[in-house]
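Q: sequence and computational prediction follow.
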Amino acid sequence: MKELWEIFLAFFIPGIVGYGGGPASIPLVEHEVVKNYGFMTTTEFGEVLALANALPGPIATKMAGYIGYQVGGVAGSTVALIATIVPSLIAIIALLGLLNKFKDSPKVKQMTAYVRPTIAVLLGALAFQFFNSSYASAGVIQTIFLSVVTFILLERFNVPPAFVVAGALVYGAVFLS
């Protein structure tokens, strides 16, 4: 029962404070799952994130379902999914009238503009942690190679991120296992 409560908290807290949707809550989930509760390592979390990015649908629920299942089986998966969905559901129901009333307010737009850089810094810090983790496990040559190829595919050839992630997973399975 304690384990299910920890799973719930690990996904409920990021759901409450993760303003901006799934991508904004990724660093928060990583903190809870890796550092706070120790359900997995940073490397394992990176693999779950890569898998979740490669599949269609909301990233937060895919990660919650997988991590919850790894930690607590079907019950853990169910609890993690509920914990991920409930904060948004409560907020939408409670704030629907206010959102409609103030959707064009300059203050709301300004608040959103202030939050975006914070999210960018959190995602940058997470990317740096993944880079360090990759460097430690795969080596400098593999890490630089994958980083450069990924950058070129995304920026120069506009390859969809899901295909880049899938290609990196295949590369890792063939050359790094």
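A: The structure has been received and is ready for your questions.

Q: over to the closest residue to Phe131 other than its chain neighbours. Which of the three states is it?
A: Nearest residue to Phe131, sequence neighbours excluded (Cβ to Cβ, 6 or more residues apart in numbering): Thr143, at 6.8 Å. From N, CA and C alone the C-beta is placed, and that goes for glycine too. Here Thr143 is helix, with the state taken from DSSP: H, G, I helix; E, B strand; the rest coil.

Q: Val164 and Leu153 touch, don't they?
A: Yes: taking Cβ atoms under 8 Å as the definition, Val164 is a contact partner of Leu153 at 5.1 Å.

Q: more neighbours: which of the two?
A: Val164 (21 against 17; other Cβ atoms under 10 Å).

Q: now do the same for that one: its pLDDT.
A: Note for Val164: predicted pLDDT of 93.

Q: next, Ser105: phi, psi?
A: Ser105 adopts backbone torsions of phi -70, psi 130, taken as degrees, to the nearest 10.

Q: return the distance of it relative to Arg156.
A: Distance, Ser105 to Arg156, using Cβ to Cβ, to the nearest Å: 40 Å.

Q: likewise Phe12?
A: Distance from Phe12 to Arg156, by Cβ to Cβ: 41 Å.

Q: looking at those two now, which is surrounded by more residues?
A: Taking neighbours as other Cβ under 10 Å, Phe12 and Arg156 compare with Phe12 leading, 20 against 8.
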